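In: Build me a structure from this.
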Amino acid sequence: MKMNKSKTKVMMEKRHINICQQHSDRDNQIQRRITAGWTAFAKHREISMKRQVYNSCILPAMTYGAETWAPATQANNNLAAAQTDIERSILNITYRDRKSNIWVKEKTKVTDVMERVRRREWTWAGHVSRIRDNRWTLRITIWTPYKRKRS
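Out: The predicted structure is shown next:
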């Protein structure tokens, strides 16, 4: 097998889900998920039923891989803020219109992103807890590294 080095591209940023990830990688992944949510929303902006588009396209794009995220307050705040921005965009209002976030949530009636993340985490925890054989999913979940903290 021969490889043409002039045609070969170097991948600078991996986009797969890594179970044993560092905090900076997790933050980058969450930022990519937020960007994916905005991208999905921008594609479907003309659709009059924006709530269904949000629940079926944007929310899954934002929460993809949420089962493996380590809980972090800042990451949760970023996801909630992105959802609020999208909801305001759905209603075509800005902060200058002086509408509270509670009012916005009552009007849009979309699924809460943090509730969805928590549900996915618990669903994944249920799957892992029911594993009875020696799969890598269970082994890496209960694994403790030697002489250092688990990040």
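In: Can you tell me the SS state at residue 145?
Out: Counting by DSSP: H, G, I helix; E, B strand; the rest coil, the backbone at residue 145 sits in coil.
In: list the contacts for the residue positioned nearest the centre of the chain?
Out: The residue lying closest to the centre of the chain (C-alpha atoms, centre = their mean) is residue 63, at 3.1 Å. Applying C-beta atoms under 8 Å, 6 or more residues apart in numbering to residue 63 gives the contacts 33, 79, 113, 116-117, 120. For every residue, glycine as well, the C-beta is placed using N, CA and C.
In: so how far is residue 107 from it?
Out: According to C-beta to C-beta, to the nearest Å, residue 63 stands 22 Å off from residue 107.
In: Output the contacts of residue 63 in a markdown table; the columns should cover secondary structure, pLDDT and distance to residue 132.
Out: Supplementary listing: the contacts of residue 63 in a markdown table, determined by DSSP: H, G, I helix; E, B strand; the rest coil; pLDDT from 0 to 100; distance: C-beta to C-beta, whole Å:
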| residue | secondary structure | pLDDT | distance to residue 132 |
| --- | --- | --- | --- |
| 33 | helix | 81 | 32 |
| 79 | helix | 88 | 33 |
| 113 | helix | 89 | 33 |
| 116 | helix | 90 | 28 |
| 117 | helix | 88 | 27 |
| 120 | helix | 88 | 22 |
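In: what stretches of this structure score poorly on pLDDT?
Out: Applying pLDDT under 70 to the chain flags residues 1-5, 7-24, 41-48, 149-151.
In: what ranges do the strands span in it?
Out: Remark: no strands are assigned in the chain by DSSP state E.
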